[in-house]
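# structure, please.
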Amino acid sequence: ALDELESDRSFLNPIFTDRVVDKIIELERKDQREISIRPHPHEFYLYFDV
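From the prediction side, this is the model:
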């Protein structure tokens, strides 16, 4: 979704500047990286007793 937002942001220009959209993408990518390095609770359920 972030890649698509980055490639097609023209519809946001009347409301947000490119700088704001860039910052949103940057913050969301940071959040995405933080989440991706941690196991999901369901993974604990599946693999804890292996």
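# and what about Pro14, helix, strand or coil?
Classification of Pro14 by DSSP: H, G, I helix; E, B strand; the rest coil places it in coil.
# now do the strands in the protein.
The residue ranges that make up strands in the chain, judged by DSSP state E, are empty, as it has none.
# which outside residues touch the longest helix along the chain?
Ordering each helix of the chain by length in residues (DSSP state H) puts helix 18-36 first. Around helix 18-36, the neighbours that count as contacts under CB atoms under 8 Å, 6 or more residues apart in numbering are Leu2, Leu5, Glu6, Arg9, Leu12, Phe16. In this view, the C-beta of every residue, glycine as well, is placed from N, C-alpha and C.
# rerun at 7 Å
Leu2, Leu5, Glu6, Arg9, Leu12 (CB atoms under 7 Å, 6 or more residues apart in numbering).
# how many neighbouring residues does the closest residue to the second one other than its chain neighbours have?
Taking CB to CB, 6 or more residues apart in numbering as the measure, Leu5 lies nearest to Ile25, with 6.3 Å between them; neighbours along the chain are not counted. Using other CB atoms under 10 Å, Ile25 has 15 other residues around it.
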